[in-house]
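# I need the structure of the sequence given here:
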Amino acid sequence: MRWALVKVCLAVTAMVVVAFAVPLGLVVQEMASDRAFSNAERQAATIGPTLSITTDPVQLRKAVESTQMGAARRMAVHVPAIGDSPPVSIGEGRAGQRAVAETRRMGRATTASVAGGGSALLQPTALGSGDIAVVEIFVPESEVSNGVATAWLVLAGVGLALIVGSVGVADRLGARLVRPAERLADAAHQLGEGRLGARVPEDGPKELRSAAVAFNAMADQVVELLANERELAADLSHRLRTPLTVLRLNTASLGDGPAAEQTRAAVEQLEREVDTIIRTAREQRPATGLVGAGAGCDASEVIRDRMAFWSALAEDEGREVRLAGVDRTVRIPVARPELAAALDAMLGNVFRHTPEGTPFAVDVHDAGDAVIVLVSDAGPGIADPDAALRRGNDGGRDGSTGLGLDIVRRVAESTGGDLRLGRSVLGGTEVRVWIGLDGRSLGGPGAGRAGRGRRGNRRNRGRAAQA
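You can find the predicted model right below:
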């Protein structure tokens, strides 16, 4: 915008300079020519009184030589034949006889071009005998163009100064217009990056001031909405404490045994999750943000722990479970509660959306710049992977909130990874979670295979999407 305004101002100023400077230069050139020939006419008039008195060649020569033009050998007098006297030409004549005769016939001053450059002014003068003598004044080209070159240079300098000045003014004006727009764009980028304190100074042109006011009002509204959302989440989570307390007290009466221990462990985990939700809702950052250097968890240890929790239910339902890649430490930049929640969401989908007795497997692969967690089953597969990844429940799936795979996706994307659905080697669904180790967007060697799996799943009509 700034450069466009400069170019427009440059073009307009250049047109104005040309429109005024060229005609003015031509006028100056015409004035110089008129000045030179007017001076020549005055010089020719100085010999007029002598011609009206005498036509004696000797007297005329003395009179011509006594003038300024005569002394410079730029005046000539052409006297016609009078009576028996032959025609006389005094001085150095440069115009031809035809031009002299034409001037005598016309009876008015004329100009004629001279060979070698310059012009000759031919001025008719009446003699005492009634005849017409012609006075010739040579006007060199240097007098005709005297001062013209200087005038053109001055006009060019003034025009250039005007153009440079207009460009400078346009640049300053453009900066005044562009700077508020740049600040508005920068604040929009900051707000998009999560810096909610970004605001725009309400200055500049009227339109940009209005845009700044609207942006600041929008940013304030966003901050207020987020604060209300956090408070609402915290309040709703806090209301769960009372029924959780009742559940925890009731578990004390279950006695001993695997089922009682699992119930107590589930209640304790639910209490921890509620605490996490409350803390996260009170903070000014998302729950799945990147953790600092050296933080995170051991993915293998978390997977072993969660598999131990789900193994009892798998045994009750007669499911065969295969676990691979968890025999070594695999550090990932994800907090332990977040990874545990993601694993519970994926494993819960297996138990919820596949028939009892369906085998499943959990594999962990270290790809160098990423860790890949695979949860595969031998169920009927997913009819619509895109719907399975869509957040929220449209009411068509009882017992589902539509947030399970969304939790997994947010955990993966917080590290620069992603979540992909495909066909597993067991014949059912494969949930592939890429967890980045350096925060970069990943598209590893399995990307193409996962993509083919997605396209293949669109042709399946086995069952509804997992969530």
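
# tell me the buried residues in stretch 322-339?
Within stretch 322-339, the residues scored as buried using 16 or more other C-beta atoms under 10 Å are 325, 326, 330, 332, 333, 334, 335, 336, 337, 338, 339. Yep, even glycine has a C-beta here, placed from its N, CA and C like the rest.

# closest to residue 41 out of the residues you listed?
Of all the buried residues of stretch 322-339, the one with the least separation from residue 41 (C-beta to C-beta) is residue 333, at 99.7 Å.

# what sits closest to the closest one if chain neighbours are left out?
When the adjacent residues along the chain are set aside, residue 333 lies closest to residue 296, with 4.6 Å between them (C-beta to C-beta, 6 or more residues apart in numbering).

# I figured that neighbour was touching residue 338, is that so?
No: between residue 296 and residue 338 no contact is recorded; they are 9.8 Å apart, counting by C-beta atoms under 8 Å.

# name the residues that touch stretch 47-57?
Residues from elsewhere that reach stretch 47-57 (C-beta atoms under 8 Å, 6 or more residues apart in numbering): 59-60, 63-64, 67, 70, 75, 77, 79, 82, 85, 88, 90, 125-129, 133, 135.

# show the pLDDT at residue 183.
Predicted confidence (pLDDT) for residue 183: 84.

# does residue 370 touch residue 417 like I think?
Yes: counting by C-beta under 8 Å, residue 370 touches residue 417, with 6.2 Å between them.

# more neighbours: which of the two?
residue 417 (28 against 24; other C-beta atoms under 10 Å).

# am I right that the more buried one is in contact with residue 433?
Yes: applying C-beta under 8 Å as the test, residue 417 and residue 433 come out as touching, 7.0 Å apart.

# what is the neighbour count of residue 105?
Using other C-beta under 10 Å as the criterion, the residues surrounding residue 105 number 9.

# flag the shaky bits of the chain, pLDDT-wise.
Applying pLDDT under 70 to the chain flags the ranges 1-2, 233-239, 241-242, 245-246, 249, 278-295, 390-404, 438-467.

# coming back round to it: which among the contacts of stretch 47-57 count as buried?
If we count by 16+ other C-beta under 10 Å, the contacts of stretch 47-57 have these buried: 60, 63-64, 67, 70, 75, 77, 79, 82, 88, 90, 125, 127, 133, 135.

# if I look at residue 199, how far off is residue 186?
When C-beta to C-beta, to the nearest Å is the yardstick, residue 199 and residue 186 sit 11 Å from each other.

# which one's more surrounded, those two?
Residue environment comparison for residue 199 versus residue 186 gives the larger neighbour count to residue 199, 15 against 12, counting by other C-beta under 10 Å.

# helix or strand for the nearest residue to residue 265 once chain neighbours are set aside, just tell me which one.
Once its chain neighbours are removed from consideration, residue 265 has its nearest residue in residue 309; the separation is 7.1 Å (C-beta to C-beta, 6+ apart). For residue 309, the element it lies in under DSSP states H and E is helix 299-316.

# show me which positions of that helix end up buried.
Along helix 299-316, these residues count as buried under the neighbour rule (16+ other C-beta under 10 Å): 299, 300, 302, 303, 306, 307, 309, 310, 314.

# by contact count, what packs against that helix?
The criterion is 3 or more C-beta pairs under 8 Å, 6 or more residues apart in numbering; DSSP states H and E, and the helices and strands that helix 299-316 contacts are helix 258-282, strand 321-324, helix 336-353, strand 360-366, strand 370-377.
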